[in-house]
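**Q** how would this look folded up:
(one chain, ligands or ions: 1)
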Amino acid sequence: MPVPESDPHAPAPRPGDAPDPTRRGLLTAAAVAPSALLAGVARADDVAGVAPGAGKAALITGASRGIGAAIARRLARDGYRVTVNYLRSRELAAGLVREIETAGGQAIAVQADVADAAAVGRLFDAHQRAFGRFDVVVANAGIQRLGTFAGMDDADYARLIAVNMTGCFHILREAARRIVDGGRIVALSSGTTRLRPPTYGPYAASKAAIEVFVNILAKELAGRQVSVNAVSPGTTRTPLFTDGKTPDQIAAFARQTPHGRLGAPADIADVVALLAGPRGGWINGQVIGANGGLV
Ligand SMILES: NC(=O)c1ccc[n+]([C@@H]2O[C@H](COP(=O)([O-])OP(=O)(O)OC[C@H]3O[C@@H](n4cnc5c(N)ncnc54)[C@H](OP(=O)(O)O)[C@@H]3O)[C@@H](O)[C@H]2O)c1
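**A** Sure thing, here's the model as predicted:
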């Protein structure tokens with residue numbers, strides 16, 4: 001049976017869709033960004049070498065190191081122009097920008113404390129000036145302060161909520177105002193919202209708020225084809241997790257996952273890239289566990 005030139009029953013392209021290779025004539029040379037030709041970008045299921053982020057831009061908070069840096073690196077490889085937000089690690093952020101540029105991508109580093117609403121406005125303004133559009137916003141910046149209810153002090157509690165919960169609110173609010181139709185918003189939660197171990201009360205609660213935020217924001221953006229989700233990592237090898245733990249304690253955590261290892265930042269970045277890309281749009285308002293089976 002001859003293969004039809006295009007499927008007459010296929011849904012109409014949506015905003016943010018990558019060109020469909022079965023729709024001949026839609027794939028133009030203009031759609032192929034030079035960054036798509038970066039080494040390692042093309043995957044077998046990429047559309048004739050068109051990177052998912054070609055012509056698009058992504059802002060990632062807390063991207064100087066850890067999971068955020070892996071997300072920025074991955075989205076840049078996927079062809080997005082990226083804003084690397086950081087709080088204090090100016091050199092790390094600048095190094096990541098250089099790495100992305102050396103690979104043929106485009107990036108800027110912008111300092112901003114997500115807990116400060118005015119600073120978040122300036123962060124988004126800087127991205128707007130550099131790249132002109134918000135296709136993907138990733139609210140990743142977060143901190144961890146652990147303590148029992150009896151033992152946690154006011155300052156630690158207040159900063160935890162200010163960065164993780166209020167900071168995420170600031171990012172989602174700006175994203176809701178500025179994201180393009182068909183865009184993607186992703187926020188980082190944590191498997192501790194379900195595991196709920198002792199000493200994680202305020203941290204897990206700050207992340208539980210994020211899971212509620214994304215679900216409600218997904219509904220508020222109805223009609224614009226914007227998908228809003230949370231990614232919920234388990235134990236992931238970054239300073240946030242390893243700082244203050246002995247090698248034996250870290251190894252014990254690794255043994256808790258069915259896969260017998262900690263997550264790597266790139267494991268989490270892969271899930272964010274899926275949600276950001278052309279195949280992720282139908283996932284909306286969800287919390288996606290990325291934890292190797294820990295939870
Ligand atoms: N690692 C895990 O096991 C794990 C598990 C579940 C969820 N998560 C979540 O994943 C996210 C990333 O964690 P991670 O492990 O990659 O942490 P990390 O290695 O400690 O890195 C945190 C990043 O956030 C930035 N940051 C911290 N406070 C900020 C603020 N107020 N404003 C802007 N940026 C700020 C840091 O910037 P500077 O470098 O400039 O300080 C850094 O880039 C967090 O939301 C975390 O809760 C992590």
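**Q** output the set of residues of the stretch 151-295 of the chain in proximity to the ligand.
**A** Selection of the stretch 151-295 of the chain residues close to the ligand by Cβ under 6 Å from any ligand atom yields 163, 167, 188, 190, 233, 235-236, 238-241. Heads up, the C-betas are built off the backbone N, CA and C, glycines and all.
**Q** narrow those to those that are buried.
**A** 163, 167, 188, 190, 233, 235-236, 238, 240-241 (16 or more other Cβ atoms under 10 Å).
**Q** tell me the two of those residues that are most distant?
**A** Spatially, the most separated pair among those is G167 and T235, at 22.1 Å (Cβ to Cβ).
**Q** hang on, the earlier thing: turn the buried ones among the residues of the stretch 151-295 of the chain next to the ligand into a markdown table, columns for secondary structure and pLDDT.
**A** Below are these laid out as a markdown table (DSSP: H, G, I helix; E, B strand; the rest coil; pLDDT from 0 to 100):
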| residue | secondary structure | pLDDT |
| --- | --- | --- |
| V163 | helix | 98 |
| G167 | helix | 99 |
| L188 | strand | 98 |
| S190 | coil | 98 |
| P233 | strand | 98 |
| T235 | coil | 96 |
| T236 | strand | 97 |
| T238 | coil | 96 |
| L240 | helix | 92 |
| F241 | helix | 94 |
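**Q** CA atoms of stretch 201-215 as CSV?
**A** Backbone C-alpha positions of stretch 201-215 (Å, rounded to 0.1, in the frame of the first residue of the first chain) are rendered in CSV as follows:
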residue,chain,number,x,y,z
GLY,A,201,9.3,18.5,57.1
PRO,A,202,9.8,22.1,55.9
TYR,A,203,11.8,21.1,52.8
ALA,A,204,9.3,18.5,51.7
ALA,A,205,6.4,20.9,52.4
SER,A,206,8.1,23.6,50.3
LYS,A,207,8.3,21.1,47.4
ALA,A,208,4.7,19.9,47.9
ALA,A,209,3.6,23.5,47.3
ILE,A,210,5.4,23.4,43.9
GLU,A,211,3.5,20.2,42.9
VAL,A,212,0.2,22.1,43.6
PHE,A,213,1.4,25.2,41.8
VAL,A,214,2.1,23.5,38.5
ASN,A,215,-1.2,21.7,38.5
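**Q** residues contacting that stretch, please?
**A** The contact list for stretch 201-215 (Cβ atoms under 8 Å, 6 or more residues apart in numbering) reads 139, 142, 144-149, 152, 156-157, 160-161, 164-165, 168-169, 172, 185, 187-190, 192-193, 195-196, 228-230, 232, 285-287.
**Q** tell me the mean pLDDT over it?
**A** Stretch 201-215 shows a mean pLDDT of 98.
**Q** walking through the chain, point out its helices one by one.
**A** Ranges of helices in the chain, per DSSP state H, are 66-77, 90-102, 117-131, 154-160, 167-178, 192-195, 201-220, 239-242, 247-255, 265-276.
**Q** out of these, deepest packed?
**A** Stretch with highest mean neighbour count among the helices of the chain: helix 66-77 (a mean of 27; mean count of other Cβ atoms under 10 Å).
**Q** tilt between that helix and helix 265-276?
**A** Inter-element angle recorded for helix 66-77 and helix 265-276: 50 degrees (by axes from the mean of the first three to the mean of the last three Cα atoms, to 10 degrees).
**Q** could I get the pLDDT score of V50?
**A** For V50, the model assigns a pLDDT of 87.
**Q** and it, how far from T192?
**A** 38 Å (Cβ to Cβ, to the nearest Å).
**Q** now do S206
**A** Counting by Cβ to Cβ, the separation of S206 from T192 is 10 Å.
**Q** for R65, same thing?
**A** Noted for R65: a distance of 20 Å to T192, by Cβ to Cβ.
**Q** do Q286 as well
**A** Distance from Q286 to T192, counting by Cβ to Cβ: 18 Å.
**Q** what of N140?
**A** In terms of Cβ to Cβ, N140 sits 16 Å off from T192.
**Q** remind me which residues of the stretch 51-200 of the chain are low pLDDT?
**A** By pLDDT under 70, the stretch 51-200 of the chain has no low-scoring segment.
**Q** D113 contacts A119, correct?
**A** Yes. Using Cβ atoms under 8 Å, D113 is in contact with A119, at 5.2 Å.
**Q** so for A31, what's the pLDDT?
**A** You'll see A31 listed with a pLDDT of 39.
**Q** P34 too?
**A** What the model reports as pLDDT for P34 is 43.
**Q** endpoints of stretch 61-71, how far apart?
**A** Counting by Cα to Cα, to the nearest Å, you get 10 Å between the two ends of stretch 61-71.
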